[in-house]
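S.K.: Sequence and predicted model, in that order:
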Amino acid sequence: MKFTKMHGIGNDFIVVNAIHQPIEEAMLPELSRRMNHRKFGIGGDGLILILPSRVADYRMRMFNPDGSEAEMCGNGIRCFAKYVYEHGLHPETQLKVETLAGIKNLKLQTRGGKVESVRVDMGTPRLRRSEIPMRGEDSEQVLNEPLKVEGQRFDITAVSMGNPHVVIFVDNIDHFPVSRFGPLIENHRAFPERTNVQFVQVCSPTEIILRTWERGAGETLACGTGACAAVVASVLNNKTTRHVLVHLPGGDLRIEWMGDQRVMMTGPAEEVFEGDFPI
Ligand SMILES: N[C@H](CCC[C@H](N)C(=O)O)C(=O)O
C-alpha cells in the first residue's frame, strides 16, 4: 500500500489515497495499529484516508494509533489539503472536506505550486455536557468543574470540536506530569467516548502554551482540535482574548474564535517521505 508520511507541527500522520487503493472497512483499526507502530511499523500519530465524497470535494477519515476512529483532526486535515493540492487531485486553493464532525472549509496559502499554510474553518465548538459527551445532568456547560483523579482534584472545562476535549489550566506546563494524569483523565468514567486532554499555561491575553495527551495516541507534539478547544476554554474562563497564538511543543498555531462562533485555525503542513507498506 502506497503512503505519504506528513506532519502538522510535529503531529505526524500516515496519509493514504484510499480512492485508488480501496481498503476493506474491517481491516482499518488493525491497519492503523500496525502502520502507526513506532517500532514495528512506519510510526505516526494517526492514519489519514483520502476518500471520495458525495457532499464535499473529498472525505477524510482519521484513525488513532490504538485503532479508534476520531471525528476530526486539525493538524491532519491541513496535511490532507497539502496532499490533494500538491499531488494534483485538487489544484484549487479552496477545499471542502467531509468529516465525521461535518464539512470543513479550507483555504490554502500557496507559493510556487506548494502549500505554505492552511486556514481551516473548524466550525463551532459544542459546549453542552451531552455534546462533549460527558456524563452528568444535561443542563449546563462544563466550566471549571472539579474532576477527581487518583485523589487529586482538577478543575476542567470541556469543549467538543467534533471530538472531545478536556482543558485544564496549569501554572508550570514544563513540569506538569502529563503522562501520569493524561491517561487517567482520557479513560475517566465521566467520558463515555474517552477524551483528549489539553494542559494549558496562559502566557498573556493573546498567547498560551499547550501540551496534549491525545485520546488513543498518548502525548503528541501538537493537536489542532486541542488548540481550538484550549482557546475556547481560555475565553470562556476570561483568560485570553478570542485571537490567540498557541505555542505547542512541535510549533505554533494561530487560533481565532470568531464572533459568529466559528473557530478558525491557521498553520503549516509538511510532507516528509513516501513509501510502500505491505498489507
Ligand atoms: N491530532 C489531532 C486530534 C486527533 C484527535 C484524536 N486523538 C481523537 O481521538 O480525538 C488534531 O490535530 O486535531
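M.R.: Nice, I can see it.
S.K.: Endpoints of stretch 135-151, how far apart?
M.R.: 19 Å (Cα to Cα, to the nearest Å).
S.K.: Check the offset of it from the chain's centre.
M.R.: 22 Å (Cα atoms, centre = their mean, to the nearest Å).
S.K.: For the lowest-mean-pLDDT helix or strand in the chain, C-alpha coordinates in PDB please.
M.R.: Lowest by mean pLDDT, DSSP states H and E among the helices and strands of the chain is strand 145-149, with a mean of 94. What follows is strand 145-149, C-alpha atoms only, in PDB (Å, rounded to 0.1, in the frame of the first residue of the first chain):
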ATOM      1  CA  GLU A 145     -15.900  21.800  37.100                       C
ATOM      2  CA  PRO A 146     -14.000  19.700  39.600                       C
ATOM      3  CA  LEU A 147     -12.900  16.200  38.500                       C
ATOM      4  CA  LYS A 148     -11.300  13.800  41.000                       C
ATOM      5  CA  VAL A 149      -8.500  11.800  39.600                       C
END
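S.K.: Quick check: next helix or strand after that strand?
M.R.: The first helix or strand that comes after strand 145-149 along the chain, using DSSP states H and E, is strand 152-160.
S.K.: The ligand contacts on the stretch 51-200 of the chain?
M.R.: Applying Cβ under 6 Å from any ligand atom, we find that the stretch 51-200 of the chain lies next to the ligand at Asn64, Ala70, Cys73, Gly74, Asn75, Gly76, Asn163, Asn196. All C-beta spots, glycine's among them, are computed from the backbone N, C-alpha and C.
S.K.: who wins for neighbours among these?
M.R.: In terms of neighbours by other Cβ atoms under 10 Å, those top out with Asn75 at 36 neighbours.
S.K.: what's around the spatially closest residue to that one that is not a sequence neighbour, how many residues?
M.R.: Nearest non-adjacent residue to Asn75, counting by Cβ to Cβ, 6 or more residues apart in numbering: Gly8, 3.0 Å away. For Gly8, the neighbour count with other Cβ under 10 Å is 31.
S.K.: contacting residues for Gly8?
M.R.: Gly74, Asn75, Gly76, Arg78, Cys79, Ala222, Gly224, Gly267, Pro268, Ala269, Glu270 (Cβ atoms under 8 Å, 6 or more residues apart in numbering).
S.K.: Among the residues you listed, which lie within helices?
M.R.: The helices, defined by DSSP state H, take in Gly74, Asn75, Gly76, Arg78, Cys79, Gly224 from the contacts of Gly8.
S.K.: got CSV for those, with distance to Ala56 and pLDDT too?
M.R.: As requested, these are exported to CSV (distance: Cβ to Cβ, whole Å; pLDDT from 0 to 100):
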residue, distance to Ala56, pLDDT
Gly74, 17, 98
Asn75, 19, 98
Gly76, 16, 98
Arg78, 16, 98
Cys79, 17, 98
Gly224, 18, 98
